[in-house]
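In: got a predicted structure plus its sequence, pasted below:
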Amino acid sequence: MQTTFTAIESYDVVDFPQFADLYCEEQLHVEGTASGRAVRNDYGVPGSPVWYDIEDILVDEFVINGAVYTWKQLDKAFPDIADDLHVICVEAAEKGEWE
């Protein structure tokens with residue numbers, strides 16, 4: 001399954017000071033796409049509701065102010081903040097609409 005997400009939309013560096021180097025013209029927009037595995041869940045009794053949770057989320061693409069990065073490119077370009085940005089993106093992807 002896959003989703004697109006917006007992780008950060010900021011117009012003031014004080015919102016995300018740890019990513020100050022990523023701001024461009026006082027703006028920071030981080031979006032992306034992620035993939036994951038749908039796992040069927042229920043309450044374990046006949047007739048109970050069924051739902052799907054997404055597990056093993058992998059951010060496939062990071063889009064920072066319009067520039068596209070894979071994980072390897074992001075980690076190489078911004079090694080000091082790549083892990084923190086990845087966590088924020090996974091959290092945003094978890095809330096996304098999965099298809």
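Out: Arrived safely. Numbers count the residues shown, from 1 in each chain.
In: could I get the buried residue list for the helix or strand hosting Leu85?
Out: Assigned by DSSP states H and E, Leu85 belongs to helix 82-94. Within helix 82-94, the residues scored as buried using 16 or more other C-beta atoms under 10 Å are Ala82, Leu85, His86, Ile88, Cys89, Val90, Ala92, Ala93. In this view, the C-beta of every residue, glycine as well, is placed from N, C-alpha and C.
In: does the second one touch Val59 like I think?
Out: No: under the criterion of C-beta atoms under 8 Å, Leu85 lies out of contact with Val59, with a separation of 9.2 Å.
In: quick one: contacts for the residue most central in space within the chain?
Out: In the chain, the C-alpha closest to the average C-alpha coordinate belongs to Cys89, at a distance of 2.2 Å (C-alpha atoms, centre = their mean). The contact partners of Cys89, taken as C-beta atoms under 8 Å, 6 or more residues apart in numbering, are Phe5, Ala7, Val30, Gly32, Ala34, Val59, Phe62.
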